[in-house]
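*Asks:* Got a predicted structure plus its sequence, pasted below:
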Amino acid sequence: MEVGVKEPVDNVVSRPVNVPADRVIDFDIYRDVPEELDFHQSWRQLMDTVPYPLMWTPHNGGHWVAFKASVSDIVMSDSERFSNHTVLVPKETAGEAYRLIPLSLDPPEHRPFRNLLNDNLGPKPLKPVEDTIVDLTVSLIEGFRPKGRCNFVHEFAEQLPVRIFMQIVDLPVADLPKLKHLADQFTRPDGSLTYPEVAQLFREYLDPVIKARRGAGGQDMLSRMINGQVGGRELSDLEAQNICIQVLVGGLDTVVNMLGFTFSYLAKDHDLRQAIAADPSRIDDALLEFFRRFPVVSSAREVRGDIDFEGVNLKAGDMVMAPTIVVAIDDEMNDNPLDFQLNRPARKHSTFGKGSHTCPGAHLARMEMKIVLREWFARIPEFRIAGDEPLRYTNGIVGSVKPFVLEWDI
């Protein structure tokens, strides 16, 4: 923990009457992964040890957690029973502050707002960005390649996707540290800010941006959304703020962490590196397996009304966490799910979500990851993790690999 940074406060509650005693588990989504395990192994260990596929934890305000693929997928996709109104825990703090658009809206209300994202994040609008991604990828790699080493997270993973994103939304790169810190406080809080403070700082940052871009004819992503219409009307200032915050949080976090998991794994798998280096056409298949093998998101849903589900009674307002991680590493979904397999005959996962709220940034993520793998292996085909220190992982709504150093012969 950094000097001057407070520990996040864990709101531990008593077991409600609708929770059977044998459904309680000591689970905290914001607790760091044990040193002897990696992020996905820690989830699999829980899956193998819990007595039921739906458990309840007293941490973070008390909530249910799905530990089986079928349960997680139902919670993510069945909006008639499980609402998107609140998607983060603790419900009363993080959830209340993160009621953003369109993620916190249910069908059909979310559709016109979702269309604004789809119209700006599909293959056609992102095609002009492809050359920029290539140029920045090459520039970053060539900046450290002659040195024979780099801090992969700090010098590459935290640079490429967020710089590209800042160009897409036309915001100053100088604002990146502030915005990235705010985004991280929603997904992996360090206690330096309360959730309401995070939301307020986002709104204070975006308010002048929204005012300046309304009616100005800008073609960046934020301008097109701010000046878009839903149901034949303009967005209110609050709606514009909420959709812009949602875009910033998503754009400044997930791909960063996917890169960390991908390259830390590549650095440990000599045969996989050799296979890709010898035949770059394998990148397409490898990319599909990376997305299958390394999901990182654990959002939640709010129970709409009292229901019987998975052998227990859920009460209206209960929170149920639906980790995408458990879907990919469930034996019922994939054979030997913790193995990384090229040419896997079938891949089942929910890495980009499930149902009406499938991630709108999936195409951009795939584009960036494919370009990175292609350009990296063209320049640094053989590399390894430096030193003897084991990799460390951070849990949270979005899991991550803590910074690590790669090295290679020059």
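*Replies:* That came through fine.

*Asks:* Backbone dihedrals for residue 75, both of them.
*Replies:* Residue 75 adopts backbone torsions of phi -60, psi -40, taken as degrees, to the nearest 10.

*Asks:* if I pick it, what's in contact with it?
*Replies:* Residue 75 is in contact with 66, 82, 301, 320, 322, counting by C-beta atoms under 8 Å, 6 or more residues apart in numbering. For the C-beta atoms, the positions are set from N, CA and C on the backbone; glycine is no exception.

*Asks:* what's the spacing between stretch 204-214 and its chain's center?
*Replies:* 26 Å (C-alpha atoms, centre = their mean, to the nearest Å).

*Asks:* can you check stretch 69-78 too?
*Replies:* Using C-alpha atoms, centre = their mean, the offset of stretch 69-78 from its chain centre is 17 Å.

*Asks:* Format the CA atom coordinates belonging to that stretch as CSV.
*Replies:* What follows is stretch 69-78, C-alpha atoms only, in CSV (Å, rounded to 0.1, in the frame of the first residue of the first chain):
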residue,chain,number,x,y,z
ALA,A,69,-20.9,-20.9,-15.5
SER,A,70,-24.6,-21.6,-16.0
VAL,A,71,-25.5,-19.6,-12.9
SER,A,72,-23.3,-16.6,-13.8
ASP,A,73,-24.7,-16.5,-17.4
ILE,A,74,-28.3,-16.5,-16.2
VAL,A,75,-27.6,-13.7,-13.7
MET,A,76,-25.9,-11.7,-16.5
SER,A,77,-28.5,-12.2,-19.1
ASP,A,78,-31.9,-12.6,-17.4
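
*Asks:* picking up where we left off before, export the contacts of residue 75 as CSV, with columns for secondary structure, pLDDT and distance to residue 28.
*Replies:* Formatted as CSV, those follow (DSSP: H, G, I helix; E, B strand; the rest coil; pLDDT from 0 to 100; distance: C-beta to C-beta, whole Å):
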residue, secondary structure, pLDDT, distance to residue 28
66, strand, 98, 16
82, strand, 97, 22
301, strand, 97, 19
320, strand, 98, 16
322, strand, 97, 17
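
*Asks:* Just put these in a markdown table and tack on neighbour count and distance to residue 111.
*Replies:* Shown next, in a markdown table, are these (neighbours: other C-beta atoms under 10 Å; distance: C-beta to C-beta, whole Å):
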| residue | neighbour count | distance to residue 111 |
| --- | --- | --- |
| 66 | 26 | 26 |
| 82 | 25 | 18 |
| 301 | 27 | 18 |
| 320 | 25 | 23 |
| 322 | 26 | 21 |
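
*Asks:* Tell me who's in contact with residue 157.
*Replies:* 256, 257, 259, 260, 263.

*Asks:* hmm, 6 Å instead?
*Replies:* The contact partners of residue 157, taken as C-beta atoms under 6 Å, 6 or more residues apart in numbering, are 256, 259, 260.

*Asks:* roughly how far apart are the spatially closest residue to it that is not a sequence neighbour and residue 156?
*Replies:* Leaving aside its chain neighbours, residue 157 sits nearest to residue 259 (4.0 Å; criterion: C-beta to C-beta, 6 or more residues apart in numbering). Residue 259 sits 7 Å away from residue 156, going by C-beta to C-beta, to the nearest Å.

*Asks:* With residue 298 instead?
*Replies:* Applying C-beta to C-beta, the value for residue 298 to residue 156 is 25 Å.

*Asks:* Would you write a ChimeraX line that selects the buried entries of the contacts of residue 157?
*Replies:* Per 16 or more other C-beta atoms under 10 Å, the buried members of those correspond to this ChimeraX selection:
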select :256,259,260
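
*Asks:* and the contacts of residue 157, which of them are in helices?
*Replies:* Among these, DSSP state H puts 256, 259, 260 in helices.

*Asks:* what's near enough to touch the last one?
*Replies:* By C-beta under 6 Å, 6+ apart, the contact set of residue 260 is 153, 157, 401.

*Asks:* same question, the first one
*Replies:* Residue 256 makes contact with 157, 158, 161 under the criterion C-beta under 6 Å, 6+ apart.

*Asks:* Please enumerate the strands of the stretch 101-250 of the chain.
*Replies:* Assigned by DSSP state E, counting those that start in this stretch, the stretch 101-250 of the chain shows strands spanning 149-151, 229-230, 233-234.

*Asks:* Please identify the deepest-packed of those strands.
*Replies:* Greatest average neighbour count among the strands of the stretch 101-250 of the chain goes to strand 149-151 (a mean of 17), per mean count of other C-beta atoms under 10 Å.

*Asks:* Beyond that strand, next helix or strand please.
*Replies:* helix 152 (DSSP states H and E).

*Asks:* I'd like to know which elements that following helix is packed against.
*Replies:* Taking 3 or more C-beta pairs under 6 Å, 6 or more residues apart in numbering; DSSP states H and E as contact, there are no helices or strands that helix 152 lies on.
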